[in-house]
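**Student:** Return atomic coordinates for the entry below.
(2 chains)
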Amino acid sequence: MSGSEKLTSLSSELDLDRPNLEDYLPSGSSIQEPHGKLRLRDLLDISPALTEAAGAIVDDSFTRCFKSNPPEPWNWNVYLFPLWCCGVVVRYLILFPGRVIVLTVGWIIFLSSFIPVHFLLKGHDNLRKKLERFLVELICSFFVASWTGVVKYHGPRPSMRPKQVFVANHTSMIDFIILEQMTAFAVIMQKHPGWVGLLQKTILESVGCIWFNRAEAKDREIVARKLREHVQGTDNNPLLIFPEGTCVNNHYTVMFKKGAFELGCTVCPIAIKYNKIFVDAFWNSRKQSFTMHLLQLMTSWAVVCDVWYLEPQNLKPGETPIEFAERVRDIISVRAGLKKVPWDGYLKYSRPSPKHREQKQQSFAESMLRRLEEK
Amino acid sequence: MGNTSSMLTQYDIEEVQEHCNCTFSQQEIVSLYQRFCQLDRNGGGFISAEEFLSVPEFAVNPVSQRLLRMLDGLNFKEFVAFLSAFSPRATTQQKIEFIFKVYDSDGNGRVAMNDMLEVLRDLTGQFISQQQREQVLTQVLEEAGYTKDSFLVLSDFMKVSC
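**Tutor:** Predicted structure coming up:
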């Protein structure tokens, strides 16, 4: 698929964001293998590489994953505008204060139970853990109530069995809260600054969380070790991992990191899909802080989503962890109606490794040398 | 068409269309403008090299550095003119002119063997030795009637491509 075809389809794709993703996969070699003796015109003709570059400039499958599409304005005439204004008044002046009250009450109940339980039951670990789990589930339910969350859970609830991890697609940090209100998972998260970091350090420690830092180089091995240790432990909470490694806009999935799939345990996929009519739950961390994101949710009508607990998967004989990860990504994408994209989510923060470019260079060099042989 | 507004007026669109010799329709120009604003994250009115390289599909392309030199600091009008060679309405002449510009990095209107070697190096990387590249290039140049010291101008490119 060449860049010039992308430009023709520009006008037809204007309003509808329905890419044919096969077209956007980077082609490993040129469209048709040129034959015949190598001539000057063949060496000078760099148009395949140029069209690919132009195609990437005009549209690329990676940027699409992180685009938050603003909702179509519908309040553009005389009678719709007042309706919309009424809506704004209800949302900001009635719903929002109500929700803040609910959340405050929830926090009061939570803190007044959590702090005593945490300190007084130091000796009785089993009971303490049970109560703390229940309390974390409770505060998450309060959070969900504060956005008028309508969450439909499908499938059997996660069971507390050893040697299993849960993986889900990632749209926002609220994914974690929505899943946590049903089952107290232990989760692996990026350490955040501010009040979120404080919560992470204090409350989430009690359900057993693992921290990673994207910026550190050696981090991956340390995290892999921590993951393994957690899964081996018998009375740790079930582990929830978001293998995409970053928030994606709930229309696409980026490549899954293989870390969760090489722990030698069962992987239980969870698919989450938000209904955008009510609110766009994608947290574009480049555009807003988490606080702003929460405020946006609390001033919308509702957060409506579906959560599917899917069939546990195991590594098939002869399958590599990467293939396993892709298979599970397939399962989740199909269930939640997301399109797959062949890019690593971390490219949001860093450049692609030179080996992709080297692959292209290699295939061009080989084709050139091959044609030299032909006389 | 200042950098602060993200709305194009009809005048702006027509100006851009004229500048690119009508290789894009007005709707396409609007689309390209949306894309331009999407890539130009800091709203400076032009897309910096960093912002181009944040598109992984572009960053892995072997000729991306050469194109970046041509794309650096372009405002929207020039951006559309740059892309005009890739429009399906572009003539073969426009396409060949564009390829010539990619080769002619110093813009003096002449492409020497050195320029051709550099592009070949971008495309083949470390998978062919410099010596081999020189050899191949000399060979095909001579077959086409040039020597390794010749300078190619635009008309030579046209002749060779047809």
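
**Student:** What is the end-to-end distance of stretch B:58-70?
**Tutor:** Using CA to CA, to the nearest Å, the end-to-end distance of stretch B:58-70 comes to 14 Å.

**Student:** all strands for the stretch 251-375 of chain A, in order.
**Tutor:** With DSSP state E, counting those that start in this stretch as the criterion, the stretch 251-375 of chain A has strands at A:252-255, A:266-274, A:303-309, A:339-344.

**Student:** Columns mean pLDDT on top of the ones you listed, output as CSV?
**Tutor:** Output for the strands of the stretch 251-375 of chain A, formatted as CSV (pLDDT from 0 to 100):
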stretch, mean pLDDT
strand A:252-255, 93
strand A:266-274, 94
strand A:303-309, 94
strand A:339-344, 89
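
**Student:** Which one of those strands lies nearest to chain B?
**Tutor:** strand A:339-344 (5.9 Å; CB to the nearest CB). Every residue, glycine included, has its C-beta placed from N, CA and C.

**Student:** Are there helices or strands packed against the closest one, and which ones?
**Tutor:** helix A:61-64, strand A:252-255, helix A:321-336 (3 or more CB pairs under 8 Å, 6 or more residues apart in numbering or on different chains; DSSP states H and E).

**Student:** in the stretch 251-375 of chain A, which ranges drop under the pLDDT threshold?
**Tutor:** Along the stretch 251-375 of chain A, segments meeting pLDDT under 70 span A:375.

**Student:** near chain B, which residues of it show up?
**Tutor:** Taking CB under 8 Å from any CB of the partner chain, the part of the stretch 251-375 of chain A that reaches chain B is made up of A:343, A:347, A:351-352, A:356-358, A:360-362, A:364-366, A:368-369, A:372.

**Student:** repeat that for 10 Å
**Tutor:** A:286-287, A:342-344, A:347-369, A:371-372 (CB under 10 Å from any CB of the partner chain).

**Student:** Of these, just the buried ones, PyMOL syntax please.
**Tutor:** To isolate the buried members of these in PyMOL, using 16 or more other CB atoms under 10 Å in any protein chain shown:
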select buried, chain A and resi 343+344+347+348+352+356+357+358+360+361+362+363+364+365+367+368+371
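
**Student:** Among the residues of the stretch 251-375 of chain A next to chain B, which ones are in helices?
**Tutor:** Counting by DSSP state H, the part of these found in helices is A:354-369, A:371-372.

**Student:** circling back to that earlier point, switch the helices and strands packed on strand A:339-344 over to JSON lines; also include distance to residue A:138 and mean neighbour count.
**Tutor:** Shown next, in JSON lines, are the helices and strands packed on strand A:339-344 (distance: least, CB to CB, whole Å; neighbours: other CB atoms under 10 Å in any protein chain shown):
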{"stretch": "helix A:61-64", "distance to residue A:138": "38", "mean neighbour count": "22"}
{"stretch": "strand A:252-255", "distance to residue A:138": "31", "mean neighbour count": "23"}
{"stretch": "helix A:321-336", "distance to residue A:138": "27", "mean neighbour count": "18"}
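
**Student:** got JSON lines for the ones you listed, with distance to residue A:203 too?
**Tutor:** Converted to JSON lines, those look like this (distance: least, CB to CB, whole Å):
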{"stretch": "helix A:61-64", "distance to residue A:203": "35"}
{"stretch": "strand A:252-255", "distance to residue A:203": "29"}
{"stretch": "helix A:321-336", "distance to residue A:203": "28"}
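
**Student:** Which stretches in the stretch 1-150 of chain A count as helices?
**Tutor:** A:3-12, A:40-44, A:47-58, A:61-64, A:80-89, A:96-120, A:125-146 (DSSP state H, counting those that start in this stretch).

**Student:** What is the distance between the last one and the centre of its chain?
**Tutor:** If you compare the mean C-alpha spot of helix A:125-146 with that of the full chain, they lie 24 Å apart, counting by CA atoms, centre = their mean, to the nearest Å.

**Student:** again with stretch B:147-161
**Tutor:** That offset, for stretch B:147-161, works out to 19 Å (CA atoms, centre = their mean).

**Student:** what are the ranges of the strands in chain B?
**Tutor:** Assigned by DSSP state E, chain B shows no strands.

**Student:** in it, what spans have low per-residue confidence?
**Tutor:** For chain B (pLDDT under 70), the answer is B:1-6.

**Student:** Could I get the contacting residues of the residue lying closest to residue A:255 once chain neighbours are set aside?
**Tutor:** Spatially, and ignoring its direct neighbours in sequence, residue A:255 is nearest to residue A:344 (5.1 Å; CB to CB, 6 or more residues apart in numbering or on different chains). When contacts are counted by CB atoms under 10 Å, 6 or more residues apart in numbering or on different chains, residue A:344 touches A:62, A:244-246, A:254-257, A:350, A:352-353, B:56.

**Student:** how close does residue A:344 sit to residue A:40?
**Tutor:** 39 Å (CB to CB, to the nearest Å).

**Student:** What of residue A:225?
**Tutor:** From residue A:225 to residue A:40 the distance is 57 Å (CB to CB).

**Student:** Of those two, give the one with the bigger neighbour count.
**Tutor:** residue A:40 (22 against 10; other CB atoms under 10 Å in any protein chain shown).

**Student:** Can you tell me the closest non-neighbouring residue to that one?
**Tutor:** residue B:144 (4.0 Å).

**Student:** My understanding was that the one you found contacts residue A:39; is that so?
**Tutor:** Yes. Between residue B:144 and residue A:39 a contact is recorded at 7.0 Å, counting by CB atoms under 10 Å.

**Student:** okay, and the common contacts of these two?
**Tutor:** residue B:160.

**Student:** if we can go back for a sec, the helices of the stretch 1-150 of chain A into a markdown table, with extra columns for mean pLDDT and distance to residue B:123?
**Tutor:** Listed next are the helices of the stretch 1-150 of chain A as a markdown table, based on pLDDT from 0 to 100; distance: least, CB to CB, whole Å:
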| stretch | mean pLDDT | distance to residue B:123 |
| --- | --- | --- |
| helix A:3-12 | 52 | 17 |
| helix A:40-44 | 81 | 9 |
| helix A:47-58 | 90 | 6 |
| helix A:61-64 | 87 | 23 |
| helix A:80-89 | 91 | 55 |
| helix A:96-120 | 90 | 58 |
| helix A:125-146 | 89 | 54 |
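
**Student:** out of those, deepest packed?
**Tutor:** Among the helices of the stretch 1-150 of chain A, the stretch with the highest mean neighbour count (mean count of other CB atoms under 10 Å in any protein chain shown) is helix A:47-58, at a mean of 23.

**Student:** Check whether it comes near chain B.
**Tutor:** Yes. Applying CB under 10 Å from any CB, one finds helix A:47-58 touching chain B at A:47-58.

**Student:** From residue A:285, how far off is whatever residue of the stretch 201-350 of chain A ends up closest to chain B?
**Tutor:** Going by CB to the nearest CB, chain B is nearest to residue A:347 of the stretch 201-350 of chain A, at 4.6 Å. Distance of residue A:347 to residue A:285, given as CB to CB: 15 Å.

**Student:** I figured residue A:43 was touching residue B:119, is that so?
**Tutor:** Yes. Between residue A:43 and residue B:119 there is a contact under CB under 10 Å: 8.7 Å.

**Student:** tell me the contacts of residue 119?
**Tutor:** I'll assume chain A. residue A:128.

**Student:** Switch to chain B, please.
**Tutor:** Contacts of residue B:119 by CB under 10 Å, 6+ apart are A:43-44, A:46, A:49, B:62-63, B:66, B:99, B:102-103, B:105, B:111.

**Student:** switch to 6 Å and redo it
**Tutor:** By CB atoms under 6 Å, 6 or more residues apart in numbering or on different chains, the contact set of residue B:119 is residue B:103.

**Student:** Over to residue A:113?
**Tutor:** residue A:135 are the contacts of residue A:113 under CB under 6 Å, 6+ apart.

**Student:** What's the separation between it and chain B?
**Tutor:** 45 Å (CB to the nearest CB, to the nearest Å).
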